[in-house]
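1. would you be able to build a 3D model of this:
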Amino acid sequence: MKKTWLVALCSTTVLLAACTDGEDENTEENANGNGETEETTDQASEDDELTAEDILQEAIALYDGLEGLYMETVGEGDIDFSIDEEDIEDEIDEEANSTELGLEMNIRQWTFVDGDDFYDRSEQEMIMNMETDSDASTEETVSYSFTDYSDPAYAIMYDEGDDEAIRIERDLDFDFSHMAQRYEDLLDNADELTLVGEEEVNGYQTYHVEAEMDGETMAFYFDQDTYFSVRDEIIGGDDDMDTTLDGGFQAEDDVIDYELNPEFDESLFQAPDDMDVTDGEISDTIG
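-> So this is what the prediction gives:
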């Protein structure tokens, strides 16, 4: 499980949350089920003066007072890079100096804040494909990570098929306003913000907003009922990579289901009865 938890611990999360307008707290269903985007040409008159900045402000306000959420996301990313031999001192295998890394993920996540306590559960299915000039490999894992219900200062982690889980201490200061920070950053620092229009994405009618910042192009598709983003896209170029690398990256994450303030289920934060749990360190989950 070590490689998987390196990815899980280093990722942003970044994909959390949802809320509904007024008293509507029902989960939206994926209407088309295939992730296709349909362009909509007609816009309601009340939206004529809506700006990208307005939509980001609404997205920020979404997280005020939020206490819990569930969401399921599917995502994929590709990184193509090569090593510039002139920038490194060690000899390298010329046949392996170009690498393509592909990642496919399906994540179900529950998040709750109860006073000073933070409860989070992630179920992650991951397929990692790596290809070099001389070799190719595929790794598939299903991993679980969740707050220890008996002591929220700890998290429990294991992979499917393991008979032992690792419990590690964590130091997290979280509230849902942290999820809005990326939108605040765009409002303050984006080079350009554009409201592209209205589109149907994953069964949700959305506002499509694009942002240019620090050499990256980002796109967000905000559910018109909640201002929660149901698709995030990012494309980065050479300038964003380490100086020893040439290439680029792109990633897309789709939310196919989400719910505001789902019922808290303590069993989500308990290890299976037949699994041993051993206290360890963060280093035990990485390698």
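2. tell me the confidence at Ile83?
-> Per-residue confidence at Ile83 stands at 50 (pLDDT).
3. before we move on, what about Thr4?
-> pLDDT for Thr4: 38.
4. how many neighbours does Leu172 have?
-> Leu172 has 11 neighbours, counted by other CB atoms under 10 Å. Every C-beta, even on glycine, is put in place using the N, C-alpha and C of the backbone.
5. now do the contacts for it.
-> Phe118 (CB atoms under 8 Å, 6 or more residues apart in numbering).
6. repeat that for Glu233.
-> Neighbour list for Glu233: Met218, Ala219, Phe220, Gln250, Ala251, Glu252 [criterion: CB under 8 Å, 6+ apart].
7. specify the beta-bridge partners of it.
-> Taking DSSP bridges as the rule, Glu233 bridges to Ala219, Glu252.
8. returning to that earlier point: which of the contacts of Glu233 sits closest to Leu186?
-> Closest approach between the contacts of Glu233 and Leu186, by CB to CB: Met218, at 7.6 Å.
9. how close does the closest one sit to Asp188?
-> Distance of Met218 to Asp188, given as CB to CB, to the nearest Å: 14 Å.
10. go on, Glu123?
-> Per CB to CB, Glu123 is found 34 Å from Asp188.
11. tell me which of Met218 and Asp188 has more neighbours.
-> Shown here are Met218 and Asp188; by other CB under 10 Å, Met218 has more neighbours (19 against 8).
12. just the element for the closest residue to that one other than its chain neighbours, please.
-> Ranked by CB to CB, 6 or more residues apart in numbering and with sequence neighbours excluded, the top spatial neighbour of Met218 is Ala211, at 4.5 Å. Using DSSP states H and E, Ala211 sits in strand 204-213.
13. who are the packing partners of that strand?
-> helix 52-61, helix 181-189, strand 192-201, strand 216-223, strand 229-236 (3 or more CB pairs under 8 Å, 6 or more residues apart in numbering; DSSP states H and E).
14. can you report how many residues lie near Glu281?
-> Around Glu281 there are 10 other residues, counting by other CB under 10 Å.
15. pLDDT value on it, please?
-> 85.
16. what is the least confident helix or strand in the chain?
-> Ranked by mean pLDDT, DSSP states H and E, the helix or strand of the chain with the weakest confidence is helix 2-10, at a mean of 37.
17. now the nearest residue to Gly75 once chain neighbours are set aside: how far from Tyr63?
-> The spatially closest residue to Gly75, leaving aside those adjacent along the chain, is Asp253, at 3.8 Å (CB to CB, 6+ apart). Computed as CB to CB, the Asp253 to Tyr63 distance reads 18 Å.
18. can you check Asp120 too?
-> 15 Å.
19. which residues does Met157 form a beta bridge with?
-> Ser145, Ile166.
20. pLDDT at it, what is it?
-> As summarised for this prediction, Met157 has a pLDDT of 96.
21. my read: it touches Ser143, true?
-> Yes. With contacts counted by CB atoms under 8 Å, Met157 reaches Ser143, the gap being 7.2 Å.
22. tabulate the helices and strands packed on strand 204-213 (CSV), appending mean pLDDT and distance to Asp148.
-> Compiled in CSV, those are given as follows (pLDDT from 0 to 100; distance: least, CB to CB, whole Å):
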stretch, mean pLDDT, distance to Asp148
helix 52-61, 97, 31
helix 181-189, 96, 27
strand 192-201, 97, 36
strand 216-223, 96, 33
strand 229-236, 90, 30
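23. out of these, which gets nearest to Glu164?
-> By CB to CB (comparing all of the helices and strands packed on strand 204-213), the closest turns out to be strand 229-236, at 35.0 Å.
24. quick one: contacts for Glu58?
-> Phe222, Tyr227.
25. kindly recompute the last result at 6 Å.
-> Tyr227 (CB atoms under 6 Å, 6 or more residues apart in numbering).
26. and Tyr183, by the same measure?
-> Applying CB under 6 Å, 6+ apart, we find Tyr183 in contact with Leu56, Ala59, Ile60.
27. from Met218, how far out is the nearest residue to the first one once chain neighbours are set aside?
-> The shortest distance from Leu56 to any residue other than its chain neighbours is 4.7 Å, reached at Tyr183 (CB to CB, 6+ apart). If you measure Tyr183 against Met218 using CB to CB, the figure is 11 Å.
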